[in-house]
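Visitor: Could you look at this predicted model? Sequence included:
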Amino acid sequence: MKRVLTIQDISCLGKCSITIALPVISALGSETVILPTALLSTHTMFKDFTCKDLSDQIEPITAHWKSEGVAFDAIYTGYLGSIGQIDQVKQIIADFKGPYTKVVVDPVMADNGKLYPAFDMDYVRKNTELCAVADIIVPNITEASLMTGMEYRERHDKAYVQELLSRLNKLGAGISVLTGVSLEEGKTGIMGFDRAAGDYYLYQNRRINGAYHGTGDLFSSTCVGELMRGRDWRDAMRIAADYTAHTIEDTMKNPKKPWYGVDFEATLPDLLRMA
Ligand code: PXL
């Protein structure tokens, strides 16, 4: 069985980060090891959330794993709490990345043209360094524009997306995938660039209006789970885009849907049937 290490926060209530990564990657058949970076009462879109930074736990936990000789098939990072933690994560990658370990970085820090409340441009620069050591990065357009110094465009054309990908590629990751790419009316999806093959991959799905919390985490967790099932990166991204769209649609049908996340619990069985 493949073993995935995911490094991100625990938002106790909120359907995001570890509370998505753990069930999704486990359901896809990989052992999921967690390294929580912070413990929050909820995600940061709630008011008055509590937050306990866990930076001081990272070194002792990983030192113990080293003494146990643990190895990982993937290291997948999401929301991190501070610049110091990005340095800690770089160290973990240096210590645990073996010849077959896939490093997937989702540089969670912004959306819809804006940084999340906790972050600033120093954090953006540091996240850019983390992307440089990844095999695959999956930023949204806002994160990519911040990391590459391009203006953010909600409406965009292929030339803009290709320029963003070309600049992302220069950051150093092997495969750069942009999420939230909408090149046709009524559609949305992803576009990626594989440096070794020199190939672009564009996948457009139906667009569902509205922004839903946790969908970026659902997308990247699904990618990681599918990569570990042996899928090619293009198939992993396509399935993740389809599954995310399906889950948003399903959630919208629920009159009692929570405002803070999507009902992926109801659609997980469908994911296992997607090919
Ligand atoms: O879904 C990304 C995410 C993860 N973790 C925390 C967040 C967010 C987005 O706002 O606040 C704590």
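Guide: Arrived safely, thanks for sending.

Visitor: For the longest helix along the chain, list every residue counted as buried.
Guide: Counting by DSSP state H, the longest helix found in the chain is helix 233-252. Going by neighbour count (16 or more other CB atoms under 10 Å), the buried part of helix 233-252 is 233-248, 250-251. C-beta coordinates here come from the backbone N, C-alpha and C atoms, glycine included.

Visitor: of those, list those near the ligand.
Guide: Among these, no residue lies close to the ligand (CB under 6 Å from any ligand atom).

Visitor: counting contacts, what elements does the longest helix of the chain pack onto?
Guide: Helices and strands touching helix 233-252, by 3 or more CB pairs under 8 Å, 6 or more residues apart in numbering; DSSP states H and E, are strand 175-181, strand 187-194, strand 199-206, helix 215-228, helix 264-273.

Visitor: for the fourth one, the distance to its chain's centre please.
Guide: Mean C-alpha position of helix 215-228 versus that of the full chain (CA atoms, centre = their mean, to the nearest Å) differs by 7 Å.

Visitor: cool, and stretch 210-218?
Guide: Using CA atoms, centre = their mean, the mean C-alpha position of stretch 210-218 is found 10 Å from that of the whole chain.

Visitor: Next: stretch 215-234.
Guide: 9 Å.

Visitor: Repeat that for stretch 74-94.
Guide: Put simply, stretch 74-94 sits 13 Å off its chain's centre (CA atoms, centre = their mean).

Visitor: for it, which positions count as buried?
Guide: Applying 16+ other CB under 10 Å to stretch 74-94 flags 74-82, 85-86, 88-90, 92-93 as buried.

Visitor: just checking: which of those residues also lie near the ligand?
Guide: Restricting the buried residues of stretch 74-94 to those touching the ligand (CB under 6 Å from any ligand atom) yields Tyr79.

Visitor: Quick check: the two most widely separated of the buried residues of stretch 74-94?
Guide: Ala74 and Ser82 (23.4 Å; CB to CB).

Visitor: hang on, the earlier thing: just name the most buried of the helices and strands packed on helix 233-252.
Guide: Mean neighbours per residue, mean count of other CB atoms under 10 Å, is largest over these for helix 215-228, with a mean of 28.

Visitor: what helices or strands is it leaning on?
Guide: Looks like helix 215-228 contacts strand 3-13, helix 18-27, strand 74-77, strand 102-105, strand 175-181, helix 233-252 (3+ CB pairs under 8 Å, 6+ apart).

Visitor: hmm, it touching the ligand?
Guide: Yes: applying CB under 6 Å from any ligand atom, one finds helix 215-228 in contact with the ligand at Gly216, Asp217.

Visitor: Next one: the residue nearest to Gly29 when sequence neighbours are not counted from the ligand, what distance?
Guide: Leaving aside its sequence neighbours, Gly29 sits nearest to Arg229 (CB to CB, 6 or more residues apart in numbering; 6.3 Å). Look at Arg229 and the ligand: by CB to the nearest ligand atom, to the nearest Å, they are 23 Å apart.

Visitor: What residues does Arg234 make contact with?
Guide: Contact analysis of Arg234 by CB atoms under 8 Å, 6 or more residues apart in numbering lists Gly192, Tyr201, Tyr203.

Visitor: let's see it at 6 Å
Guide: Tyr201 (CB atoms under 6 Å, 6 or more residues apart in numbering).

Visitor: so how far is Phe49 from it?
Guide: Distance, Arg234 to Phe49, by CB to CB, to the nearest Å: 37 Å.

Visitor: do the same with Leu178
Guide: Distance from Leu178 to Phe49, by CB to CB: 29 Å.

Visitor: Please apply the same query to Glu226.
Guide: 31 Å.

Visitor: what's the burial count for Gly198?
Guide: 8 (other CB atoms under 10 Å).

Visitor: Also Arg125?
Guide: 13.

Visitor: State the pLDDT value of it.
Guide: Per-residue confidence (pLDDT) for Arg125: 97.

Visitor: can you check Ala211 too?
Guide: 80.

Visitor: what's the answer for the one 3 residues further on, then?
Guide: In this prediction, Gly214 carries a pLDDT score of 96.

Visitor: Equivalent analysis for Lys187, please.
Guide: The model reports Lys187 with a pLDDT of 94.
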